[in-house]
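In: pasting the structure only:
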């Protein structure tokens, strides 16, 4: 999409430099990276449900590929968050031993998605937002984050294409699929606005060039989403947004259940390796 | 099993293997290809019974791959580390791929995948009995990789030289991709058996439950395997059920020692004279019950599969409708 | 529940160091765009390729086994098409 270019702020190179930062800023930095990591992890967990349940065999493979990409992004981001935090927590400590109030993902990704239309509507939203985000994050002054973003940008471009192809087919397919795809968009749309919410982001991180201002992605993301929706002969939903809060650990009731399932085995065997 | 072809003795017999007396003579060109160890290709002349046997066997093999996604898929959401989660997702995904390659091989014989799936869904075609066992603990992911995939590989490697070209080529691809499956299972068990006492107990329990069903994957003993002779003459099958089973046991026993786990057969011991491990009697009545649909999970596996198929109907219908509407654009 | 018949597509992959697209298998897809994407997901999971073709299986015309002798045997005695057929005097290079 866009190539990395030098930023106005100096890159944060060494751990020394990070250690000299205001500890509050380091905390915000960890939270920011955790937010992106949890978006990917929770999405991967939901995507895993589809393997063996897709509408056709080829789609089982496609959704597994997308899930694997998201899981890979989550692992890199969690490891990075653990390094910035400096408390010795690795990807599994962060994935399996945090409680739901400590998860920082948006609520868009945490609800069940056991309808193919919903899965594709959500993937369209997520991948559109992630592709704009990762394109911009390639210029982050956090060089590790920039590198993760550069790799992830290619992956989410494919996810976006996949979701777009299906939204077009379901929207402009049969009468039934048109209605179901519209219902799926209507169900996902209220959760879109949270992606642009900045109320829980430390402005210093944006000023530092580490983070991308969420509000700056609103216009391009919505424009791209609306283009696909219209091309699919569907209507852009006119629905009020739901309250944000995922980035502050205020989730829907679905996340706790999902984590209970995901974390149960690991937590039953403290200290074990797998 | 995977690429094996048998039914319960009192179950319905597969149609094509009529008595040798009433079968029409096999074409000379077909016999010549078999004699020189060549490959029969889809458009070559072949006996109708050969074609039907292959369709049934390849379809059953494909069905096994896609039903086989379920027992392992059961643990994707609960894998105990992110690394293990990724490996498991990739493995279950591979199984979908293997099913796909095999359906494609069957389709070269003039059948349609959609029809084969219908036959799976309404019970006219079978899948491997092994997937009707539940996966109760994480260690079952290890036991399936090590024992079930291990048994599958022993059976599938000779199929790479099967007389039917498309089946043999599909198996080459499958075997290549599957090489990591058995290894990751062994690694899971090795980690568990060298972990906490609870982990080791979990590993032993999984091996105890999966050992006998894995041996049954090779099918009934040779004396009770009426279709085998014809399949061997046709170059579809290269080794007998008992030969393959013995090969698997001989391979696996030393690996169990490395794992520090025991195999649940008190009669298992090295026979110097035979140069093989002897083993205790296998209770094949269990196998036949599972094949007849009375295994622990037959109903759940079929219900899951049929539901996925039915839930996806509107999606497939939409894709077909969209393709029909937009066909002109692509031609233009 | 009637299942719409999805067309079958043949998939060809050119590997990173490969000179030609090589047939690797087939798959089902409702249309060409999805066939190409499915081919990517099914047949290049292990970095098998850098370029893909999908062709409707119905569009392929194949030689038949009955034609094999007439098609291919006549090439067998044209050994002069191969460089090893020719004698080159000792010491001559770059020929």
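Out: Noted; the coordinates are in hand. Here the structure is a predicted model, which is why all the values come from computation and not from measurement.
In: Chain C: helices as residue ranges?
Out: All helices of chain C, identified by DSSP state H, fall at C:32-43, C:68-72.
In: whoops, I mixed them up, the stretch 51-200 of chain B
Out: B:69-73, B:82-107, B:113-121, B:139-143, B:149-159, B:165-193, B:197-216 (DSSP state H, counting those that start in this stretch).
In: chain center to the longest one, what's the gap?
Out: Taking C-alpha atoms, centre = their mean, to the nearest Å, one finds helix B:165-193 lying 12 Å from the centre of the chain it belongs to.
In: The residue of the stretch 1-150 of chain B found nearest chain A: neighbouring residues, count only.
Out: Closest contact between the stretch 1-150 of chain B and chain A, by C-beta to the nearest C-beta, is at residue B:93 (3.6 Å). Placement of C-beta: from N, CA and C, glycine included. Using other C-beta atoms under 10 Å in any protein chain shown, the number of residues around residue B:93 comes to 25.
In: List the contacts of stretch A:50-63.
Out: A:47, A:64, A:67, A:116, A:119, A:162, B:66, B:69-70, B:73, B:76, B:89, B:92-93, B:96-97, B:99-100, B:103, B:304, B:307-308, B:311-313, B:315-316, C:6, C:27-29, C:34, C:37-38, C:41-42, C:45 (C-beta atoms under 8 Å, 6 or more residues apart in numbering or on different chains).
In: still on that earlier bit, flag whichever of the helices of chain C has the least confidence on average.
Out: Note on those: helix C:68-72 shows the lowest mean pLDDT, a mean of 86.
In: That helix vs chain B: in contact?
Out: No - taking C-beta under 8 Å from any C-beta of the partner chain as the criterion, helix C:68-72 and chain B are apart, separated by no less than 9.5 Å.
In: Show the pLDDT at the nearest residue in space to residue B:268 that is not next to it in sequence.
Out: With C-beta to C-beta, 6 or more residues apart in numbering or on different chains as the criterion, residue B:268 has its nearest non-adjacent residue at 5.3 Å, and that residue is residue B:279. Model confidence at residue B:279, given as pLDDT, is 97.
In: contacting residues around residue B:279?
Out: So residue B:279 contacts B:215, B:249, B:265, B:267-268 (C-beta under 8 Å, 6+ apart).
In: and what of residue A:189?
Out: A:236-237, A:239.
In: Which residues of chain C lie near chain A?
Out: Within reach of chain A by C-beta under 8 Å from any C-beta, chain C has these residues: C:6, C:27-30, C:33-34, C:37-38, C:41-42, C:45.
In: between those residues, which is nearest residue B:142?
Out: Distance to residue B:142 across these (C-beta to C-beta) is lowest for residue C:45, with 23.1 Å.
In: Could you measure from that closest one over to residue A:46?
Out: Residue C:45 sits 21 Å away from residue A:46, going by C-beta to C-beta, to the nearest Å.
In: quick one: which of the two has more around it?
Out: More crowded of residue C:45 and residue A:46, by other C-beta under 10 Å: residue A:46, with 23 against 17.
In: Quick check, the more buried one in contact with residue A:108.
Out: No - here residue A:46 does not reach residue A:108: they are 10.5 Å apart, not a contact under C-beta atoms under 8 Å.
In: circling back: now the helices of chain C in CSV, with mean neighbour count?
Out: Output for these, formatted as CSV (neighbours: other C-beta atoms under 10 Å in any protein chain shown):
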stretch, mean neighbour count
helix C:32-43, 22
helix C:68-72, 10
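In: just to revisit the earlier point, from the residues of chain C next to chain A, which is closest to residue A:124?
Out: residue C:37 (14.9 Å).
In: so who does that closest one touch?
Out: Per C-beta under 8 Å, 6+ apart, neighbours of residue C:37: A:62, A:161-162, A:165, C:29.
In: Only whichever of these are buried, select them in ChimeraX.
Out: Remark: buried members of the contacts of residue C:37, expressed as a ChimeraX selection using 16 or more other C-beta atoms under 10 Å in any protein chain shown:
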select /A:62,162,165 /C:29
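In: Can you give me every residue that contacts residue 246?
Out: In the absence of a named chain, chain A is used. Taking C-beta under 8 Å, 6+ apart, one finds A:103-108, A:110, A:194 in contact with residue A:246.
In: Chain B is the one I meant
Out: B:276-277.
In: Can you tell me how far it is from residue B:288?
Out: Relative to residue B:288, residue B:246 is positioned 21 Å away (C-beta to C-beta).
In: Any residues of the stretch 1-150 of chain A in contact with chain B? List them.
Out: Residues of the stretch 1-150 of chain A lying near chain B (C-beta under 8 Å from any C-beta): A:41, A:44-45, A:48-49, A:51-61, A:64-65, A:67-68, A:71-72, A:74-75, A:78, A:91-92, A:95-96, A:116.
In: Which members of those are positioned in strands?
Out: Among those, no member falls in strands (criterion: DSSP state E).
In: hey, where'd the strands end up in chain A?
Out: Remark: no strands are assigned in chain A by DSSP E.
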